[in-house]
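Participant: Give me a 3D structure for the following:
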Amino acid sequence: MFKRPLAHQSNSTPLRSSARRQLLSSIFTQYPSLLPPKIESRLDTTIEEGPGGISEKELGRIILPEGAKSAGFETSVGVEGTFWSNPDGDPLWMTFGRNSKEYIPTLYLLSLPIPHPPLPIIQLHHPLPPPLLTGAPLFIPAVRNLSKPHLLPDVVQNDLVAFVASTTGTDEVSYVGVGRVVAEGGMRGALQRRVENLRGGGEREEGRFCDILCIIEDHLWELGSKPALPACPLPIPTKALAAPPQSEAGPSRPPSPSPLKLNDLSISDDIQATEPIRSSSASLSSSEISTLLSISLLQALRNLQPSAFPMPASLFYSTHVLPSRPAYIPKEKRDEVVIGKSDWKKLTKWMREVGKEGLLKVKETKGEAVVQSFDTQHPSLQSHVEFTTVAEDEAKAAKKAAREAASTNDGEGSGPSHPSASGNGKANKIAVEELWKASGGALTFWEACGVDRSALYQPSELKTILDTYITSHSLLQSDHRTVLLDDEMGRAVGVKKPQPGEKMNREEILKKLRNSVSWVISVGGTVKKGPLQPITMTVKTRQGRKTITHVTGLETFSVDVDSFADEMRKLCAGSASVQPLQGASPKLGLQEVLIQGSQVKSVTEALLGRGIPKRWIKEGEDSKKGKR
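Facilitator: Numbering: from 1, shown residues only. This is a model prediction of the structure:
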């Protein structure tokens, strides 16, 4: 519900005392579980026995303190509602729809020291599947304790529930979200259908189980102070699906969920079908590996164009599927996520099963599987939510290491001890990258693509993000060169209200998007605004035949000007001086090095030895004219 920023929020208005009392009365009526059962609630009377007793009035001060405020809001999808916040601005309660009397607790309310939880509690696997954090619905395989019905609340359709997860890896849990049950028959009906389906050899799960109303780190969470969510033991449900077992043997329990295949993942969008990936030394199970490979297949297809096929299955697997494995797999376990350790064991068998589901069209020739094409409109692909991949994670780590190495080598030493002076080698190249970030009038389009407006991206990612948006919104035309314009993309490329069926050339869209973002340059990991100017060497003649080589632009690449001048004195066996750059503002502190004689070759070698890429070393036009 809050996966995007609010479209509108009105100013907060303090509640009158009478309005606060009336609201508290409605909340207690809606959530009798806040108070212990079978005890009449009266103001200033103890409603909980023992040293931890608390009165209804005291409880009211916790869940809706004096000075509480209300504010109207509208979500990004046009749903109107009301917030009730504490004096610090943390939203505690909310309603959806005009004049609604259903008061929904938020994570901020659940983080308070409330003796009795207001909602039934469902424990989820940890780490939470990435799609849940972006507003995707919850599916039954994501629920923990499916084989322990005494730990599952007997909630019915349309009930509100609170989600918890063991974020610390211990037996204690913390609140992570609030949702509404949408499955027919509630928890009991969904679990019963799942058990019957698995017993009958079925492979496909039913649809969504809960809608997410709020989740940790969504935009509702960002509105408040984001306190640490306290951990506590998982409470036994007040109304459970089954009585607790009397002993370890206990009554017979429903069969454990079978490993789910690609169809299951197409519903749950991610690794909701398995136990969480363990960080211990225990190996991943074959079902976990199968699940991870299945979502890696979907991730790979989301970033490929139909024109890339046909392709041998072995090439597709090694070049696209394996690099698309989720980055949240612990590094020490990534080598385990391979086809040989999955339920399928053989790549051909996996491709054959995926082909039967209609996602891929696979042809076998002489024992070799060839992927002919894939269905861009397949439900599993349409509902897939992308994640950070192993390839992206490793590329990021490699860039970081290269930048650290470049900054270490840059400017160290001078004279014969420097690599360029001794001729014994060259420093690591300084990484020079052109990066972009979302800005301007296309911001809403980039947000719809999941782009972080504060992050920097590679130029190649712009095309990848655009292709993903086109595919996920079914905007691609049959010739693959033209694209249908929806409202978001239309505004991004300057078409305020696209007409139904209005199209635009894909390359033209890409060109307009390139022009709409902000470009910066990263030099050795340091971001610099504006276009990057190369280091320029200009040979000028003075007083007849006397020549001097001017070197400018060293500061851009963090080259110490004095150190470079000292190096050139020794390398060229002549004079080299430093002076302010003529024509530049003194506030910039720019300098140039003046070297006796025509030293273009020596300067180039010295700069290459300091890691400056050759394409960023330029010979001035005056020098070239003098050679003609």
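Participant: Please count neighbours and contacts with C-alpha atoms only from this point.
Facilitator: OK.
Participant: Other residues contacting the lengthiest strand in the chain?
Facilitator: If you go by DSSP state E, the chain has its longest strand at strand 172-181. Outside strand 172-181, the residues that touch it by Cα atoms under 8 Å, 6 or more residues apart in numbering are 105-107, 110-111, 155-167, 209-216, 229-234.
Participant: Mind checking which of those residues land in strands?
Facilitator: Using DSSP E, the members of these that fall within strands are 105, 160-165, 210-215, 232-233.
Participant: follow-up on the earlier one: okay, the angle between the next helix or strand after the longest strand of the chain and strand 210-215?
Facilitator: As assigned by DSSP states H and E, the chain's next helix or strand after strand 172-181 is helix 186-199. Orientation note: helix 186-199 sits at an angle of 130 degrees relative to strand 210-215 (axes from the mean of the first three to the mean of the last three Cα atoms, to 10 degrees).
Participant: Just the buried positions in stretch 527-546, please.
Facilitator: Buried residues in stretch 527-546, counted by 16 or more other Cα atoms under 10 Å: 532, 534-540.
Participant: Could you dump those into a markdown table with pLDDT added?
Facilitator: A markdown table is the format used below for those (pLDDT from 0 to 100):
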| residue | pLDDT |
| --- | --- |
| 532 | 76 |
| 534 | 88 |
| 535 | 91 |
| 536 | 93 |
| 537 | 93 |
| 538 | 92 |
| 539 | 90 |
| 540 | 88 |
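Participant: returning to what we had before: filter the ones in strands among the contacts of strand 172-181 to the buried ones?
Facilitator: Neighbour counting with 16+ other Cα under 10 Å marks 105, 160-165, 210-215 as buried within these.
Participant: Let me know the closest of the residues you listed to residue 240.
Facilitator: residue 161 (13.4 Å; Cα to Cα).
Participant: Pull the contacting residues for the closest one.
Facilitator: Residue 161 makes contact with 119-122, 178-181, according to Cα under 8 Å, 6+ apart.
Participant: So, low pLDDT: which residues of the stretch 201-350 of the chain?
Facilitator: The model of the stretch 201-350 of the chain has pLDDT under 70 over residues 201-207, 246-282.
Participant: What ranges does it have for its helices?
Facilitator: Using DSSP state H, counting those that start in this stretch, the helices of the stretch 201-350 of the chain run over residues 219-222, 262-268, 286-302, 313-316, 347-356.
Participant: want to throw those into CSV with mean neighbour count and distance to residue 336?
Facilitator: Listed next are the helices of the stretch 201-350 of the chain as CSV, based on neighbours: other Cα atoms under 10 Å; distance: least, Cα to Cα, whole Å:
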stretch, mean neighbour count, distance to residue 336
helix 219-222, 18, 36
helix 262-268, 24, 19
helix 286-302, 24, 8
helix 313-316, 17, 18
helix 347-356, 17, 15
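Participant: out of these, nearest to residue 515?
Facilitator: helix 286-302 (24.9 Å).
Participant: The closest one to helix 347-356, inter-axis angle?
Facilitator: Orientation note: helix 286-302 sits at an angle of 60 degrees relative to helix 347-356 (the same axes, to 10 degrees).
Participant: So which elements touch helix 286-302?
Facilitator: helix 262-268, helix 379-382 (3 or more Cα pairs under 8 Å, 6 or more residues apart in numbering; DSSP states H and E).
Participant: Tell me the buried residues in the shortest one?
Facilitator: So the one you mean is helix 379-382. Going by 16+ other Cα under 10 Å, helix 379-382 has these buried residues: 380-382.
Participant: Could you do stretch 321-331 as well?
Facilitator: Across stretch 321-331, burial judged by 16+ other Cα under 10 Å covers 321-329.
Participant: Including distance to residue 373, could those go into a markdown table?
Facilitator: Output for these, formatted as a markdown table (distance: Cα to Cα, whole Å):
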| residue | distance to residue 373 |
| --- | --- |
| 321 | 15 |
| 322 | 19 |
| 323 | 20 |
| 324 | 18 |
| 325 | 21 |
| 326 | 23 |
| 327 | 27 |
| 328 | 29 |
| 329 | 29 |
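Participant: Could you list the low-confidence segments of this structure?
Facilitator: 36-53, 167-170, 199-207, 246-282, 398-399, 401-428, 479, 529-530, 544, 621-628.
Participant: which one among the contacts of residue 161 gets closest to residue 345?
Facilitator: residue 122 (34.5 Å).
Participant: Can you classify residue 102 by secondary structure?
Facilitator: coil (DSSP: H, G, I helix; E, B strand; the rest coil).
Participant: can you count the residues close to it?
Facilitator: 14 (other Cα atoms under 10 Å).
Participant: Name whatever forms a beta bridge with the residue nearest to it when sequence neighbours are not counted.
Facilitator: The shortest distance from residue 102 to any non-neighbouring residue, by Cα to Cα, 6 or more residues apart in numbering, is to residue 95 (6.0 Å). Taking DSSP bridges as the rule, residue 95 bridges to residue 82.
Participant: my read: residue 95 touches residue 79, true?
Facilitator: No. Residue 95 is beyond contact range of residue 79, at 10.2 Å (criterion: Cα atoms under 8 Å).
Participant: what's the span of stretch 580-587, first residue to last?
Facilitator: Stretch 580-587 stretches 11 Å from its first residue to its last (Cα to Cα, to the nearest Å).
Participant: what's that stretch in contact with?
Facilitator: 552, 589-592.
Participant: Farthest pair within the residues you listed?
Facilitator: So, the contacts of stretch 580-587 by Cα to Cα: farthest apart are 552 and 589, at 12.1 Å.
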